[in-house]
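Chemist: What follows is a predicted protein model with its sequence.
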Amino acid sequence: AQSVTQLDSHVSVSEGTPVLLRCNYSSSYSPSLFWYVQHPNKGLQLLLKYTSAATLVKGINGFEAEFKKSETSFHLTKPSAHMSDAAEYFCVVSPTGFQKLVFGTGTRLLVSP
Amino acid sequence: NAGVMQNPRHLVRRRGQEARLRCSPMKGHSHVYWYRQLPEEGLKFMVYLQKENIIDESGMPKERFSAEFPKEGPSILRIQQVVRGDSAAYFCASSPSRTYPSSYNEQFFGPGTRLTVL
C-alpha cells in the first residue's frame, strides 16, 4: 500500500530564513509524488510534482523538492520564507497509473516577522 | 476559466438528516474526485467518477454515502441519516481526460464544503 509520512505537524521559521518540510513515502511501485498547499478556507493548490523525470523538482513560489529513492524521501524546501508562505502543506503520493491521491497528515508552516 | 466550484461552503445538519454536497468541475474536465478531511487529519480519497460512471469507490463508506456525476449538472455527494462522525470538510477535485497508461493529470481542488452535524 502507498503511504506518506510527514514528520513534523508544525514548523516555525522567521521570514527570510530557509524552509524544510519533511516527507517520507512508502511505495511498492515507482510512485508519483506531489506537494500541495492549503491556505485557510481555500482549496488545495499544487506546488510541484515528481513523475519519474528529474529528481530535483522546481515548483511555484520558489519551492523545490528532491526525490531520493535511497532514503524514500521527498522533502520540500525554499531558500527564503515569506509571510505569505504560512499555510498547511500536504505531501501526496499516487500509485503509478492510478488517479487516487494518498495524503499525508499535513505540516502547518508558521512564518514570523 | 472559473475553478472548481463547491456549494454550499458550509452546511449544518442535525443527526438523521440528509446532506447533499455539490461540485461543478472546471470547464472541460470530465473527471471528478471526492475527498474527506477529518479534523487534524489529511484528506482521504472517497470516490472517483466520470460522467455517468463510478470508476473507483474504494474509499466510500459502505452505508449512507453515495455519489453521482450525471451527464448534465454538477456531481453530488449524498450522505443519508448523518451522524456526528460525518462532520468534516469535503473536497472535490477535477481533472481533464486522462491519457493512458500512466501520465498524471493534475487534480484541481475546490474550496471545500464544511459539514457540521449537530
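Modeler: Great, that's in hand.

Chemist: Same question for stretch A:70-86: list its buried residues.
Modeler: Across stretch A:70-86, burial judged by 16 or more other C-beta atoms under 10 Å in any protein chain shown covers A:73-76, A:78, A:81, A:85-86. Heads up, the C-betas are built off the backbone N, CA and C, glycines and all.

Chemist: so where's chain B shaky on pLDDT?
Modeler: Applying pLDDT under 70 to chain B picks out residues B:1, B:98-105.

Chemist: ok, and the closest non-adjacent residue to the one residue sitting closest to the centre of it?
Modeler: Geometric centre of chain B, nearest residue: B:W34, 2.9 Å, by C-alpha atoms, centre = their mean. In space, and not counting its chain neighbours, B:W34 is closest to B:M46: 4.4 Å by C-beta to C-beta, 6 or more residues apart in numbering or on different chains.

Chemist: ok, now B:G28?
Modeler: B:P96 is the one closest to B:G28 (C-beta to C-beta, 6+ apart), at 6.1 Å.

Chemist: what's the answer for A:H39, then?
Modeler: A:A87 (4.8 Å).

Chemist: And for the one you found, the neighbour number?
Modeler: 21 (other C-beta atoms under 10 Å in any protein chain shown).

Chemist: Chain A contacts on chain B?
Modeler: B:3-4, B:31, B:33, B:35, B:40-45, B:48, B:55-56, B:58-59, B:91, B:93, B:95, B:98, B:101-112 (C-beta under 8 Å from any C-beta of the partner chain).

Chemist: Now do the contacts for the closest residue to B:V83 other than its chain neighbours.
Modeler: Nearest residue to B:V83, sequence neighbours excluded (C-beta to C-beta, 6+ apart): B:R15, at 6.0 Å. Contacts for B:R15 were tallied using C-beta atoms under 8 Å, 6 or more residues apart in numbering or on different chains; they are B:81-84, B:117-118.

Chemist: one more time with 10 Å
Modeler: B:81-84, B:86, B:117-118 (C-beta atoms under 10 Å, 6 or more residues apart in numbering or on different chains).

Chemist: Pull out the buried members of those residues.
Modeler: B:82, B:86, B:117.

Chemist: Which single one of these is nearest to chain A?
Modeler: Ranked by distance to chain A (C-beta to the nearest C-beta), the buried ones among the contacts of B:R15 are led by B:D86 at 18.9 Å.

Chemist: How about the contacts made by the closest one?
Modeler: Residues near B:D86 by C-beta under 10 Å, 6+ apart: B:13, B:15, B:19, B:36, B:38, B:61, B:64-65, B:79, B:115-117.
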